[in-house]
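[1] Coordinates only, no sequence provided:
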C-alpha cells in the first residue's frame with residue numbers, strides 16, 4: 001500500500017467515524033431545553049407537595065424528573081401522605097407520569 005493510498009484510507013475511516021458520531025443523540029441524553037424543563041417541573045412538584053402535604057414531608061421526599069416523568073423517593077409518615085404527594089405531583093402541568101417510590105416510615 002502506498003503512502004497516498006494509506007492517507008486516503010485513513011481519511012475515509014476518519015470521515016466514517018465522524019459520521020457515526022454525528023448521528024441522533026442517544027435516548028438517555030437530554031437537550032438543554034429538556035433539562036431546563038425537567039428542572040422547572042421538579043421545582044413545581046416540590047412546591048405542590050409542600051403545599052398539599054406539608055413542608056416537613058416535602059423535605060423528606062426526593063424528586064427526580066426525566067423528560068416529564070417524575071419519580072418520587074424518600075419517606076412519608078403514612079400511606080395517606082405518600083398518596084397525597086403522588087396526587088399533588090400528577091396535578092402539575094407538564095408532568096407526563098409519576099412513579100411513586102415513597103416508603104412509609106416504620107413505627108417500630
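    Sure thing, it's come through. Just so it is clear, the model here is predicted, and its values are computed rather than measured. Numbering: from 1, shown residues only.

[2] Show me the contact partners of stretch 99-108.
    With contacts defined as C-beta atoms under 8 Å, 6 or more residues apart in numbering, stretch 99-108 is touched by 61, 69-79, 81-83, 85-86, 89. Just so you know, the C-beta spots here come from the backbone N, C-alpha and C atoms, and that holds for glycine as well.

[3] Could you report the distance from residue 44 to residue 88?
    Separation of residue 44 from residue 88 (C-beta to C-beta, to the nearest Å) stands at 10 Å.

[4] before we move on, what about residue 105?
    19 Å.

[5] out of the two, which sits in the busier spot?
    Applying other C-beta atoms under 10 Å to residue 105 and residue 88 shows that residue 88 carries more neighbours, namely 21 against 12.

[6] hey, where'd the strands end up in the protein?
    Assigned strands in the chain, in chain order: 61-66, 69-76, 97-104 (criterion: DSSP state E).

[7] Pull out the buried residues from the second one.
    Spelled out, that is strand 69-76. In terms of neighbour count (16 or more other C-beta atoms under 10 Å), strand 69-76 has its buried residues at 70-72, 74, 76.
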